[in-house]
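# Return a 3D structure for these sequence lines:
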Amino acid sequence: MHNDAKTDILCIYYPEWHVYPEGEAIFGKGRTEWDYVDSAVPRFPEHEQPLQLLGGHPDDSNPADVAKEIDLAADAGIDVFLYDWYWADGHPIAHEALERGFLHAPNRGRMKFALMWANHHRTDVFRTAPGACNDRLWWRLRYDRAEFLGAIEYCIAHYFAAPEYYRKDGRPFLSIYSASALVEGLGGPEATREVFAEAQARMSRAGLPPLHLSAMVRDPATAARMAEAGFDSTSAYNVTPYEFDDTRIREETGETRQLFSHKEFAEAHGPFNKRLAAGSPVPFIPVVSRGWDPSPRCRLDEPFPWRKLQYPYLGIIRDLSPEAFGRCVREALRQAEADPKKPGAILINAWNEYTEGSYLMPDTRHGDAFLRALRAVSIP
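Residues are numbered from 1 along each chain as shown. Okay, here's the model as predicted:
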């Protein structure tokens, strides 16, 4: 913890930048999502595509590459990499980034890691035509007791006891992306509490403290239901342009806007975080998004503005501003400090979501300006 409020800074880590079996089934033999980063095209004047990182393509399963990322993150005040962690049909997916990369980095003691179970169906959103992005399924999640407890057992064996694993108030922190889907799949809040109790019993039998379970939500009603189900805190994965109220996202014609300035995007953060914090019976961890631009995942021949809005054919943040990002981080830290429910942390999206336009790694356009803006507000 580096800032005056003693508030931890968590940053989402997207572990898709290495070759792994399920990824090859999606991207092709020996290929990764870097192909979509490199081949992206600008969709409008001054569109910041394609992006180019300073230093080339880090392999997130290579300890030497991850060590450089750890130094950059720790120097900027980031305390925790919150890994998107995939688990389906009883086994982990893309876990090489964490198990071969971070956990073998020589400087891993400089920061912590934690897991966010990215428990969502994986559909083909890579250069698929608008309106057809859910037609092809790569893998389907099961939201049942066996799948959840199987994931917990794997994490007990491989992660939760690690000295680098992040603990919230002494308890290993585990975030659930599709928390609402899990709760409904388990049979509702009461049944979920029973399954969570079994997970905690297994933690105890392994000699570990209870889990701190955190739910990703988008609205106060869901936050309240997740608290009823036994989650200890809530947060949100990111802020997107469509968090604006209707008068902000509509043109005079009534058509949904598809370009937003970073200034208005930054201004949407405060109301979004405050609304969710006020509606959450348990602590809400404020979120800050560095940007938003999923166009690298869109077909190269699809004209912009998009003819049909469906992920990844959504709005784009332009005029990216490290200063606006820094203001958002400062505001989130102040909200966390002032909140009587004491979340004790904020969440940044993201360290390396390159194909969604949300990343802090230095690039050829901004250098390390976003990291410097973070450091300016996170480290006294």
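# all helices of the stretch 251-380 of the chain, in order?
Taking DSSP state H, counting those that start in this stretch to define them, one finds helices in the stretch 251-380 of the chain at 262-279, 322-338, 369-378.
# how much does the last one deviate in direction from helix 322-338?
This points to helix 369-378. With axes from the mean of the first three to the mean of the last three CA atoms, to 10 degrees defining the directions, helix 369-378 sits at 30 degrees from helix 322-338.
# quick one: buried residues of helix 369-378?
Buried residues in helix 369-378, counted by 16 or more other CB atoms under 10 Å: 369-371, 373-375, 377-378. Placement of C-beta: from N, CA and C, glycine included.
# what does stretch 103-123 give?
Buried residues in stretch 103-123, counting neighbours by 16+ other CB under 10 Å, are found at 103, 105, 108, 110-119, 122-123.
# so which of those comes closest to residue 76?
Nearest to residue 76 among these is residue 111, at 10.5 Å by CB to CB.
# Between which two of the buried residues of stretch 103-123 is the distance greatest?
Using CB to CB, the two most remote members of these are 110 and 123, lying 36.1 Å apart.
# What residues are bridge-paired with residue 86?
Residue 86 has the following beta-bridge partners by DSSP bridges: residue 93.
# Roughly how far does it sit from residue 180?
From residue 86 over to residue 180 the distance is 18 Å, taken as CB to CB, to the nearest Å.
# Ok, residue 162 next?
Residue 162 is 29 Å from residue 180, by CB to CB.
# between these two, who's got more neighbours?
Taking neighbours as other CB atoms under 10 Å, residue 162 and residue 180 compare with residue 180 leading, 21 against 14.
# you'd agree that one is up against residue 229?
No. Contact criterion CB atoms under 8 Å: residue 180 and residue 229 do not qualify, at 9.0 Å.
# Apart from its chain neighbours, what residue comes closest to residue 115?
Once flanking residues are discounted, residue 115 sits nearest to residue 85: 4.3 Å by CB to CB, 6 or more residues apart in numbering.
# how close does the one you found sit to residue 97?
Here residue 85 is placed at a distance of 9 Å from residue 97 (CB to CB).
# same thing with residue 378?
From residue 378 across to residue 97, the span is 24 Å (CB to CB).
# And residue 318, by the same measure?
Residue 318 sits 30 Å away from residue 97, going by CB to CB.
# neighbour-wise, which of these two wins?
residue 97 (26 against 17).
# Would you agree the more buried one falls within a helix?
Yes. Judged by DSSP: H, G, I helix; E, B strand; the rest coil, residue 97 forms part of a helix.
# so it makes contact with residue 83?
Yes. Here residue 97 reaches residue 83: they are 7.2 Å apart, a contact under CB under 8 Å.
# Touching both of these two, which residues are there?
Residues touching both residue 97 and residue 83 (CB atoms under 8 Å, 6 or more residues apart in numbering) are 13, 15.
# returning to what we had before: now pLDDT and distance to residue 172 too, for the buried residues of helix 369-378, in TSV please.
Listed next are the buried residues of helix 369-378 as TSV, based on pLDDT from 0 to 100; distance: CB to CB, whole Å:
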residue	pLDDT	distance to residue 172
369	98	34
370	98	29
371	98	28
373	98	31
374	98	25
375	98	28
377	96	28
378	94	23
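# would you turn these into JSON lines with distance to residue 49?
Shown next, in JSON lines, are the buried residues of helix 369-378 (distance: CB to CB, whole Å):
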{"residue": "369", "distance to residue 49": "18"}
{"residue": "370", "distance to residue 49": "17"}
{"residue": "371", "distance to residue 49": "21"}
{"residue": "373", "distance to residue 49": "22"}
{"residue": "374", "distance to residue 49": "23"}
{"residue": "375", "distance to residue 49": "26"}
{"residue": "377", "distance to residue 49": "28"}
{"residue": "378", "distance to residue 49": "28"}
